[in-house]
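[1] okay, here's the prediction I keep looking at, along with the sequence it came from:
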Amino acid sequence: MAGLKIAGVTKHFGDQTAVDALSLDIEPGEFVALLGPSGCGKTTMLRMLAGFEPLSQGEIRLGGRTLASREQHVPPEQRNMAMVFQSYALWPHMNVADNVGYPLKLRRLSGEAYQRQVAKALAMVALAPYAERSPQELSGGQRQRVALARCLVTDPDVVLLDEPLANLDRHLRAAMEHSFRDFHRRTRSTLVYVTHDQSEAMALADRIAVMRDGRLEQWATPETLYRQPRTAWVASFIGQGSLLNVTAGWPGKRLEEAALMSGIAAAVTERTQPVLVRPEHVRVLPDAPSAQALRAQVEGVTFRGERYELHLRLESGEALLAYHHAALSEGRQVGVILREGWCLEPEA
Ligand code: ATP
């Protein structure tokens, strides 16, 4: 299996830069998500990987082979990659098995080898009993799996997926997340998955490339992105949390020790170091604010089933989101202990 190397890839459309000097080293068999808001260049990067879009600068390599650079452009059908589109693009007049086998027909495969490969691909997505059905007789999730089987049938080195769950409802998405993980475990193929949904990326990917305005903002595992986001922008894009501007002097350190110092309340008002505090790291003391606790007022309460979200306002004026097991009335004064925080790079 071959790793995928993206080195300094840039794409201009006229005077607009859709992808800006992006570099990623993707391990063989890795499940990677390209994550970012609409228009950040995810799809353009995927289309360059597939070979549908020439590069303005940089290089894409698969194993030792250059697939694309300014001088070179290996056409899509010679890259041994398969792309699954958002729309699935199934042929309505062909049954499931014929849809799946279509790429093999293009390669002039027939007879027993053809039958065997189609059966294997259908089994991989658990659709063998549906081989004779037409796509119209399937649910959205099943159509999605047909599209996956069709892309697997040629045994690609890399599978490229563009927002594959975007058209599905919430329940089906959760079920499909499971089948994607299962699919990846069975095939061990290298997967590049484009999404703007952070929870989907976190649930699925081994590593996530967070993109912003065509640039790579952070490239890390889901756990690292959540616990140690590099910038305030990543922190606000991934998960929930509050950004506090705390005095300088603790870069890379947890707020834990600092929170224990009574000086923090004063420090918070100096506004120099952005610190991320996740709501699960805020302890709310409704009745007995201790000397160590910061003082805050409850501004809003949202019921989330397993917990309440409290929107608090610290004395320093900063907003703070906290989780709590019970509802507290708006306007109530509470104590707050910050158990942990993460110092972020200040925005340039
Ligand atoms: P979305 O999640 O909305 O699909 P994206 O992150 O995939 O967004 P891209 O589709 O890659 O973003 O687009 C990145 C930027 O490049 C956008 O500003 C878009 O308008 C521009 N762009 C993309 N394709 C073209 C094109 N063929 N011609 C001109 N501009 C383009």
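    That came through, no problem.

[2] what pLDDT does the model give the residue of the stretch 101-250 of the chain found nearest the ligand?
    Among the residues of the stretch 101-250 of the chain, H196 lies closest to the ligand, at 5.0 Å counting by CB to the nearest ligand atom. All C-beta spots, glycine's among them, are computed from the backbone N, C-alpha and C. pLDDT for H196: 92.

[3] what sits against it?
    Contact analysis of H196 by CB atoms under 8 Å, 6 or more residues apart in numbering lists L35, G36, P37, S38, K42, E163.

[4] among the residues you listed, who's most crowded?
    Of all the contacts of H196, L35 has the most neighbours under the rule other CB atoms under 10 Å, reaching 29 neighbours.

[5] and the gap between that residue and Q142?
    Noted for L35: a distance of 26 Å to Q142, by CB to CB, to the nearest Å.

[6] min pLDDT across the contacts of H196, which one?
    E163 (87).

[7] my read: that residue touches A201, true?
    No. E163 lies out of contact with A201 (CB atoms under 8 Å); the separation is 11.1 Å.

[8] give the residues shared as contacts by these two.
    T195.

[9] just say helix, strand or coil for M45.
    Secondary structure, DSSP: H, G, I helix; E, B strand; the rest coil: M45 is helix.

[10] burial measure for it, as a count.
    The number of residues near M45, taken as other CB under 10 Å, comes to 28.

[11] now the residue of the stretch 101-250 of the chain closest to the ligand: how far from A89?
    From H196 to A89 the distance is 21 Å (CB to CB).

[12] same check on E280?
    For E280, the distance to A89 - CB to CB - is 42 Å.

[13] which strands and helices sit next to the longest helix seen in the chain?
    Criterion DSSP state H: the longest helix present in the chain is helix 170-187. Applying 3 or more CB pairs under 8 Å, 6 or more residues apart in numbering; DSSP states H and E, one finds that helix 170-187 contacts helix 111-124, helix 140-152, helix 198-204.

[14] deepest-packed of the ones you listed, please.
    helix 140-152 (a mean of 22; mean count of other CB atoms under 10 Å).

[15] now the element after that one, going C-ward?
    Note on helix 140-152: by DSSP states H and E, the next helix or strand toward the C-terminus is strand 158-162.

[16] so which bits of this structure are right by the ligand?
    F13, Q16, A18, G36, S38, G39, C40, G41, K42, T43, T44, H196 (CB under 6 Å from any ligand atom).

[17] burial count for the closest residue to the fourth one other than its chain neighbours?
    Distances taken as CB to CB, 6 or more residues apart in numbering place M211 nearest to G36, at 3.6 Å, with adjacent residues excluded. Residue crowding around M211 was assessed by other CB under 10 Å; the count is 24.

[18] hang on, M83 packs against P164?
    No. M83 lies out of contact with P164 (CB under 8 Å); the separation is 10.3 Å.

[19] what's S242 in contact with, if anything?
    Per CB under 8 Å, 6+ apart, neighbours of S242: L276, V277, P279, E318, A319, L320, L321.

[20] the residue nearest the centre of the chain and I208: what is the separation?
    In the chain, the residue lying closest to the centroid (CA atoms, centre = their mean) is A201, at 2.7 Å. Here A201 is placed at a distance of 5 Å from I208 (CB to CB).

[21] now for the two: what residues contact both?
    A33, L35, P222.

[22] got a list of what the residue nearest to the second one when sequence neighbours are not counted touches?
    Among residues not flanking L35 along the chain, A201 sits closest, at 4.4 Å (CB to CB, 6+ apart). If you count contacts by CB under 8 Å, 6+ apart, A201 has them with A33, L35, Y193, T195, I208, P222.

[23] what are the bridge partners for the fourth one, then?
    The bridge-partner assignment for T195, based on DSSP bridges, gives L35.

[24] number of nearby residues for it?
    Applying other CB under 10 Å, I find that T195 has 22 neighbouring residues.
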